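*Asks:* Give me coordinates for this.
(one chain, ligands or ions: 1)
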Amino acid sequence: MNTKTVNAVELAFVDRGTGPAVVLVHGFPLDHSMWNEQIDVLSADYRVIAPDLRGFGRSGAGGDTITMEQLADDLAGLLDALQLHEPIVFCGLSMGGYVAFQFQRKYGARLRGLILCDTRAAADTPEKAAARREMAERVLSDGPQPLVDGMAPLLFAPETVENRPEMVESLLSVMLGTDRRTIAAVSLGMADRADFTPELHAIECPTLVIVGQFDAISPSDEMREIAAAIPGARFAEIPAVGHMSPMEDPAEVNAAILEFLGGLS
Ligand code: MLT
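*Replies:* Next comes the predicted model:
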């Protein structure tokens, strides 16, 4: 992996291929490796940049609270450090989508396109935010296990759990390997994140919304509404998979992404 120091943190990232840039932003508490199947395929025609966000994977730690805005600022800083000034396509899954909304708000002129995978535009309810803050305390004292125990049943469609146990195990091991301070800091940041629903209608760049049919964290109906609110957005529901659609059915997700990218001017 490559590294660059951005906003006083060393960020690790994959940078593969040449052509128009596509930035793949992982979910929580994961790292760039969730995109391996996309990196392999998309890098044949595009420059694929897949970072580990601050505190995750091989990137350096930073902060007691890590906001979605901070993560968006880090990505803008990474693009600057790479001297990548032409507009990019930003593809984010779940937490990566929360960062995408922030990036769009603050750095919209740097976007050529937006791909929102298995994510939500709404803020946390007060109950959900309180549960996140409680979990942040718990993870700081007990480590990631309680968080992983709570999330694991929600991540994959039952078919995936049955047919691809190694892939499921490897994702859970990334989660368990994530620094407890990062999990706590980002949980606090997610609990405080803004509601982007009122801003969806103002998104101007071409947008693709992707969701697994059985996503239990960012339900398909809710994502369909996000797509309906963004002018001209396309909607792709991936059959028979859950929240981790790019890992569960990479062929379908890659096809949807490639079709979208191919249609951009
Ligand atoms: C993710 O996959 O990034 C998480 O489910 C996001 C969240 O906890 O809201």
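*Asks:* sec struct for the residue of the stretch 101-250 of the chain found nearest the ligand, please.
*Replies:* Across the stretch 101-250 of the chain, no residue is closer to the ligand than I217, which sits at 4.7 Å (Cβ to the nearest ligand atom). C-beta here means a position set from N, CA and C on the backbone, and glycine is covered the same way. On the three-state scheme (DSSP: H, G, I helix; E, B strand; the rest coil), I217 is labelled coil.
*Asks:* roughly how far apart are the residue most central in space within the chain and L71?
*Replies:* Averaging the C-alpha coordinates of the chain gives a centre point, and the residue nearest to it by Cα atoms, centre = their mean is G96 (2.2 Å). Taken as Cβ to Cβ, to the nearest Å, the spacing of G96 relative to L71 amounts to 9 Å.
*Asks:* and if you look at D179?
*Replies:* For D179, the distance to L71 - Cβ to Cβ - is 15 Å.
*Asks:* Of these two, which one has the most company?
*Replies:* Per other Cβ atoms under 10 Å, whichever of D179 and L71 has more neighbours is L71, with 25 against 17.
*Asks:* just checking, the more buried one touches G55?
*Replies:* No - under the contact definition of Cβ atoms under 8 Å, L71 does not touch G55, with a separation of 9.5 Å.
*Asks:* Now do stretch 205-222, average pLDDT.
*Replies:* For stretch 205-222, the mean pLDDT works out to 98.
*Asks:* Tell me which residues of it come out buried.
*Replies:* 205-212, 214-215, 217-220 (16 or more other Cβ atoms under 10 Å).
*Asks:* The ligand contacts on the stretch 101-250 of the chain?
*Replies:* When proximity is defined as Cβ under 6 Å from any ligand atom, the stretch 101-250 of the chain approaches the ligand at 190, 217.
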